[in-house]
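# sequence first, predicted model second:
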Amino acid sequence: MKHKEENLAKILKDFNTRLVGDEETKKIICATLLVFPKEVIDFVVKNVWFVSAFDDAWSFTLDSEELCGRTIVFLSDDLLRQSKDRVTYSVAHEIAHIMLGHKNPYNAKLPQTTEKKFETGADEFAKYYLDLSKIS
Ligand SMILES: [Zn+2]
């Protein structure tokens with residue numbers, strides 16, 4: 001348990017200013033990240049911002065050329081009002097999209113079959129690591 005607390009503190013520190021939101025949200029994001037392998041954690045804390053947002057979508061990943069390979073994940077107020085498990089799942093799902101290299105063009109819609117494939121892939125990736133973390 002102590003080990004986990006230390007890891008959480010390290011992740012929080014490594015994110016530096018790339019977590020924008022209240023303390024509870026930051027804690028959930030860091031704890032979610034802990035279910036993933038070290039390579040995923042290292043990549044995400046360096047290259048991804050998590051920002052509380054008021055968008056219609058529950059969670060949304062912005063990955064534009066202007067961000068130079070970095071990614072911003074927006075988490076809506078509505079999502080953040082849901083249960084901790086729901087928020088954890090959405091965070092893991094967005095991390096999965098990033099790690100699987102799913103590009104979501106801003107202002108353009110993906111073909112429905114591609115979108116479906118991305119969503120299924122992200123769900124499987126997220127569930128795999130979330131389930132794994134429950135066993136260990
Ligand atoms: Zn998705």
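That came through, no problem.
# and for residue 132, the neighbour number?
12 (other C-beta atoms under 10 Å). In short, each C-beta sits where N, CA and C put it, glycine included.
# where does it land on pLDDT?
For residue 132, the model assigns a pLDDT of 90.
# ditto for residue 67
pLDDT, read off for residue 67, is 77.
# dump the residue contacts of it.
Listed by C-beta atoms under 8 Å, 6 or more residues apart in numbering, the contact set of residue 67 is empty.
# what backbone torsions are found at it?
For residue 67, the backbone dihedrals are phi -90, psi 0 (criterion: degrees, to the nearest 10).
# report how many residues lie close to residue 27.
Applying other C-beta under 10 Å, I find that residue 27 has 15 neighbouring residues.
# shouldn't it be within a strand?
No - Residue 27 is assigned helix when assessed by DSSP: H, G, I helix; E, B strand; the rest coil, not a strand.
# which one is it nearest to, not counting chain neighbours?
residue 8 (7.2 Å; C-beta to C-beta, 6 or more residues apart in numbering).
# which other helices and strands contact the helix or strand of the chain with the lowest mean pLDDT?
The weakest-scoring helix or strand in the chain, judged by mean pLDDT, DSSP states H and E, is strand 59-62 (a mean of 78). Under the contact criterion of 3 or more C-beta pairs under 8 Å, 6 or more residues apart in numbering; DSSP states H and E, strand 59-62 touches strand 71-76, helix 84-99.
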